[in-house]
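Peer 1: Sequence first, predicted coordinates after that:
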Amino acid sequence: MNIWEIIIISLIKILIIVVMLLLTVAYSVYFERKISAWVQNRVGPNRVGWLGLLQPFADVFKLLFKEDIIPTAANKPLHTLAPFIALFVAFSTYAVIPLGPPVELFGYKINLVVADVNIGILYVLALTSLGVYGITFAGWSSGSKYSLLGGIRSSAQMISYEVSMGFSIAGVLLMSQSLSPVKIVEAQHGWMWNAILQPIGFITFVVSAFAETNRLPFDLPEAEPELVGGYHTEYSSFKFAGFFLAEYANMAIASALIVTLYLGGWQVPYIEKLGLSYTLTTIIQIASMFLKIGALLFFFIWVRWSIPRFRYDQLMSLGWKVMFPLALVNIIWVAALIMIFNL
Amino acid sequence: MPTLTVDGKQIEFKQGETVIEAARNAGIDIPHFCWHPSLSISGNCRVCLVEIEKMPKLAISCSTYAAEGMVVYTQSEKTLQARNAVMEFILVNHPLDCPICDEAGECKLQEYAYAHGKGESRFEEIKNRKEKRVQLGPHIKFDAERCISCSLCIRFSDEIARKNQLTFIKRGDKVTITTFPGESFDNSYTLNTVDICPVGALTNQDFRFKSRVWEMSKTNSVCVGCSRGCNTEVWVRNNQILRLTPRHNKDVNNYWMCDNGRLNTFKTVNTSNRIDGAFIRKEGMLQKASLEKAVLFAAKSLKEFKSGEIAFIGSAYATCEDNYALVKFAKMLSVTNLAFANHIIPGDQDDILIREDKTPNSLGAELVGIKSGPGSLNLEGILKGIREGKIKALYVMEDDPASLSDEFEEALGKLDLLIVHDTNQNRSTTLADIVFPASTFAEKNGTFVNFQGRVQRILPSVATAEMDRALDGMEMSRWDKFGTEFDRWNQGHKYDAKPSWKILTMLSLQLGSKMKYEMAEEIFSEIANSIDAFKGLDYDKIGELGAQLKIKQTILK
Amino acid sequence: MPVQKRKKDLNIFGKLYIPEIVKGMALTLKSMFRPNVTLLYPEVRFDPPASYRGRPVLVQEPNGTGRCVACGLCARVCPALAIEVQAAETELEKERYPQKFEINMLRCIFCGFCEEVCPEEAIVMSKDYELVFANRNDAIYGKDKLLVPIDNLRARLEFLRKFK
């Protein structure tokens, strides 16, 4: 493969990922509304298209046609930049998540990942840490007390939960002895899923992922009853859509990350024993990846419509006094496993 | 002073007072229907029964004379039981039509039934049917079913109006009130019976069904129908006067006022011929202009005349403040021709309330200086001066000289300049070159001096364009308090008018004077400082009931 | 304020909130499979029970006259000052009728006090809940919109007889 081929293949992969991500986001918004309706014994969106399936597009058009307002007290450059940071972080993280095993296509051996980076997990952690800037900038630059409070809450929350998130991941890294997502997935062959081997780490990571994505019960940065809309109070039209998009993209990424790190990625346990053809196996594996992500997305939404928001002090004490020690316990647990079973 | 005990309280009384009077003077109100402080005692309603020690039975407090050492209980169990029973009897034949009845809200029967009644009736039979909507007189409609036969109206027309026109007929529960055969209840004071009627049996034809009493605001004022100056309350809803009622003032009108004053004096406030905004004559036609423009034009026009060519006509309809401002304004222009017209209907007078001087403030106008001095012209002199061409400009405030006589009207046509302030269009305003819109008695603060030399306050009850009910401290009904510009019930018209003294102040500023009044009260304090008769008075001292001026009895006619 | 001691402190397991969270999630999961309670509004319309308080209306007798005698009690009791009544005299036996009866539907809060206070059972709460206006003036309903034939209000009148 020469350099041009690599570039073209990468561009095609990027295009596919972006389109898929956008579709996922659009339909997770749709399912967010549908599932909330089911939980509350309602019908949900059902006007645009069959069963309301075109609702997300209607929403997007509505948002785009709204007036773009920049408050007079706002810092204009930062106010405009903030949603783009959020969007950039959300989309670029996806580059290192493997969607399936390597496939042979038109004579090329293609990895189903945009970039198989050997420090992929570090890259993810680095980028998600950048995500906080989008929100903090949005909060500060809006020139509104609600936005500012939302931004501050968000940064404090993200920093707190990133600690336990990092320590949870440390357990995974100990197991796979690699920072490459592809290797991590491969290390979880059979039922050697990290979720089973290190359940404590799995729980702390999932909880931290909720906190990192600002989803309920940790959506304090945008807590409507107290902060109007939090950091995006002063946003409208396309820029608001940017944050909206980023939130759901983050959700999808968090799901993909959980699948990759703890639920065996694209692997289906013992599928090789069924003796299926190579092509079918690959298709099933890719499908299982999407199924796992979908199930997690459903879980995210289901949690949102079941659990009320934490109080801020509860959020902090949960993060530092419960999640952090538990993540440490997990590391010791994993180390002990490795020592005892010599994995 | 002898004392008696009412409900454990020692009360002093004057010899000859009844128990109900003595208690009332001490602030203890004993329920009563047929008793009125100014009328004879009838004692037929029985609701004022009280328990008195050493008396074998309960006694009606309205006809029991207070005696030394008497011990009265108005709230004892026996009294309350009796009161309950009396209320039940009175209500036996009283229709339950409070929703329709105009008296509801100020009905004594309603109040006592609420306070002293049981809340239900044991009377299951059909109530008596009697005549409804009987036209007793030109202003009064009578509902016989509602009547509780207290006889107050009969005693009033007998004793106060001194026209024996009403009487009871029939007996028992069929008893009803009617006029004597061939007579109509048409004396000059009939509407007072509506006020004293404890129920809604007698209703005011003019006010009937216009408004519920609780929807109106009421403001203390003085009747402008004659020089008696009866104390009144002005009832306003949606910036419109709906009725006037007399206010007790024992030195002026006691509890009463005449039908003419009650019905006709407020009709000029909200009529189609009100002057709404200033007018200037252009190309022979009176055309609407802003007040500022009219003031500028008037100032410019006045400057063209020598002071000897100008005359001022004040008004006995205007307040002391307005007249004083006019006097000052005339002085500023060095004009000495200053007069006002009397409006006397000879013989239209009685010894009850009505006076033949049909203006509220002729004495006040004279006292503040509307009179011709030595070497200046009086009213006839002004008329003569105009006809001879000596007077070329006339300034008329709140009066209608053209209506005085045909000669006057003709003379007004000869003037080079006629400026008129008035509330309503009249023969003079149609001849005027400049018309200023004046506020009526219901739209301004001020004082009137009645024929007794008693200075009394009027207060604004109707808002003009420049006023805000809340900010100007006017009385407000619930509707006024909570109404917004979007509520239809809050859109009563506000006329673009100003008190005459305000217009004169504006005008004088254009002519370079230092007349800078902001409030009527400032003018009055200036009057009090400069005119002996008013010395030491201010609005607070005049209060609700007025104050007697220190003037020689000879001035009083 | 003295620090109140809890009856029972949560243990470490409780502090994770996990049992309660699981309980809550189970509940929401269960309700996902329950039948819907909402109606597809413009196609399917809600027919409220007699106890429903829709917009207030005036009862019109079969002979075409309204029951209202314009006593003004509804206007007085209305906490939102939505009602304006102007009485006038009529030749009918009731003597008094509302020359003008206006309810400002933007002010109305559907509390039903007017119905409760009405001595003539003349104003009642209807089942009408579809109130749309394009400007403030349209929201002021006059007698033309308020008078409703008694036959359409039987259910409410019966309800009032029974429970008022």
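Peer 2: On my side now, so go ahead. Numbering: from 1, shown residues only, chains lettered A, B, ... in the order given.
Peer 1: residue ranges for the helices of the stretch 201-343 of chain A, please.
Peer 2: Counting by DSSP state H, counting those that start in this stretch, the stretch 201-343 of chain A has helices at residues A:224-227, A:237-262, A:278-304, A:312-317, A:324-341.
Peer 1: Now the fourth one: buried residues?
Peer 2: Counting neighbours by 16 or more other CB atoms under 10 Å in any protein chain shown, one finds that the buried residues in helix A:312-317 are A:Leu315, A:Met316. (C-beta placed from N, C-alpha, C; glycine too.)
Peer 1: hmm, who's touching that helix?
Peer 2: A:Arg153, A:Ala156, A:Gln157, A:Ser160, A:Ala211, A:Phe218, A:Leu220 (CB atoms under 8 Å, 6 or more residues apart in numbering or on different chains).
Peer 1: Chain C contacts on the stretch 351-500 of chain B?
Peer 2: Residues of the stretch 351-500 of chain B lying close to chain C (CB under 8 Å from any CB of the partner chain) are B:Arg478, B:Trp479, B:Phe482, B:Gly483, B:Phe486, B:Asp487, B:Arg488, B:Trp489.
Peer 1: swap the cut-off to 6 Å and go again
Peer 2: Counting by CB under 6 Å from any CB of the partner chain, the stretch 351-500 of chain B comes close to chain C at B:Phe482, B:Phe486, B:Trp489.
Peer 1: how close does the first one sit to A:Met339?
Peer 2: Spelled out, that is B:Phe482. 80 Å (CB to CB, to the nearest Å).
Peer 1: now the second one
Peer 2: Between B:Phe486 and A:Met339 the computed distance is 80 Å (CB to CB).
Peer 1: of those two, who's got more company?
Peer 2: Between B:Phe486 and A:Met339, counted using other CB atoms under 10 Å in any protein chain shown, the more crowded position is B:Phe486 (14 against 9).
Peer 1: Can you give me the end-to-end span of stretch A:263-281?
Peer 2: Its start and end residues considered, stretch A:263-281 measures 18 Å (CA to CA, to the nearest Å).
Peer 1: For chain A, tell me whether the top helix by length along chain C is touching it.
Peer 2: Taking DSSP state H as the assignment, the helix of chain C that covers the most residues is helix C:18-31. Yes. Residues of helix C:18-31 are located near chain A by CB under 6 Å from any CB, namely C:Gly24, C:Met25, C:Thr28, C:Ser31.
Peer 1: Please identify the buried residues of that helix?
Peer 2: C:Gly24, C:Met25, C:Thr28.
Peer 1: try stretch A:160-172
Peer 2: Here stretch A:160-172 shows A:Ser160, A:Tyr161, A:Glu162, A:Ser164, A:Met165, A:Gly166, A:Phe167, A:Ser168, A:Ile169, A:Ala170, A:Gly171, A:Val172 as buried, counting by 16+ other CB under 10 Å.
Peer 1: what's the answer for stretch B:510-530, then?
Peer 2: So for stretch B:510-530, counting by 16+ other CB under 10 Å, buried means B:Gln510, B:Leu511, B:Ser513, B:Met515, B:Tyr517, B:Ala520, B:Glu521, B:Ile523, B:Phe524, B:Glu526, B:Ile527, B:Ala528.
Peer 1: The closest residue to chain C within chain B: what's its closest spatial neighbour, skipping adjacent residues?
Peer 2: Ranked by CB to the nearest CB, the top residue of chain B for proximity to chain C is B:Pro99, at 3.3 Å. Leaving aside its chain neighbours, B:Pro99 sits nearest to C:Cys71 (3.3 Å; criterion: CB to CB, 6 or more residues apart in numbering or on different chains).
Peer 1: What is the neighbour count of A:Ile332?
Peer 2: Neighbours of A:Ile332 (other CB under 10 Å): 11.
Peer 1: so where do the helices sit in the stretch 301-450 of chain B?
Peer 2: Counting by DSSP H, counting those that start in this stretch, the helices of the stretch 301-450 of chain B are B:320-332, B:362-367, B:379-388, B:406-414, B:427-431.
Peer 1: nearest to B:Lys57, of those helices?
Peer 2: helix B:362-367 (54.6 Å; CB to CB).
Peer 1: So for chain C, the centremost residue is which one?
Peer 2: C:Arg53 (2.7 Å; CA atoms, centre = their mean).
Peer 1: Give me the residue ranges of the chain where confidence is low.
Peer 2: If you meant another chain, say so; for now it's chain A. A:1, A:221, A:223-224, A:342-343 (pLDDT under 70).
Peer 1: actually chain C
Peer 2: Low-confidence segments of chain C (pLDDT under 70): C:1-3, C:5-6, C:12-16.
Peer 1: Ranking the helices of the stretch 201-343 of chain A by mean neighbour count, which comes first?
Peer 2: Highest mean neighbour count of the helices of the stretch 201-343 of chain A: helix A:237-262, a mean of 24 (counted as mean count of other CB atoms under 10 Å in any protein chain shown).
Peer 1: and the angle for that one with helix A:278-304?
Peer 2: 120 degrees (axes from the mean of the first three to the mean of the last three CA atoms, to 10 degrees).
Peer 1: hang on, the earlier thing: same list (the helices of the stretch 201-343 of chain A) but as CSV, adding distance to B:Phe142.
Peer 2: Below are those laid out as CSV (distance: least, CB to CB, whole Å):
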stretch, distance to B:Phe142
helix A:224-227, 64
helix A:237-262, 73
helix A:278-304, 75
helix A:312-317, 75
helix A:324-341, 91
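Peer 1: among the ones you listed, which is nearest B:Phe89?
Peer 2: Nearest of those (CB to CB): helix A:224-227, 62.4 Å.
Peer 1: Name the residues that touch the closest one?
Peer 2: A:Tyr146, A:Leu149, A:Gly150 (CB atoms under 6 Å, 6 or more residues apart in numbering or on different chains).
Peer 1: do stretch B:375-388 as well
Peer 2: B:Ala311, B:Thr336, B:Asn337, B:Ala339, B:Ala341, B:Ser372, B:Ile391, B:Phe408, B:Ala411.
Peer 1: Same check on stretch A:257-275?
Peer 2: A:97, A:100, A:172, A:181, A:185, A:188, A:190-191, A:193-195, A:202, A:281, A:285, A:288-289, A:292-293, A:296.
Peer 1: and chain C, which of those reach it?
Peer 2: For chain C, no contacts are drawn from the contacts of stretch A:257-275 by CB under 6 Å from any CB.
Peer 1: How many neighbouring residues does the residue nearest to B:Pro99 have?
Peer 2: Neighbours of C:Cys71 (other CB under 10 Å): 24.
Peer 1: Give me the secondary structure label for B:Lys57.
Peer 2: coil (DSSP: H, G, I helix; E, B strand; the rest coil).
Peer 1: What does the pLDDT read for it?
Peer 2: If you check B:Lys57, the pLDDT there is 93.
Peer 1: Counting neighbours, what do you get for it?
Peer 2: There are 9 residues near B:Lys57, going by other CB under 10 Å.
Peer 1: circling back: among the helices of the stretch 301-450 of chain B, which is nearest B:Asn231?
Peer 2: Nearest to B:Asn231 among these is helix B:362-367; the distance by CB to CB comes to 16.0 Å.
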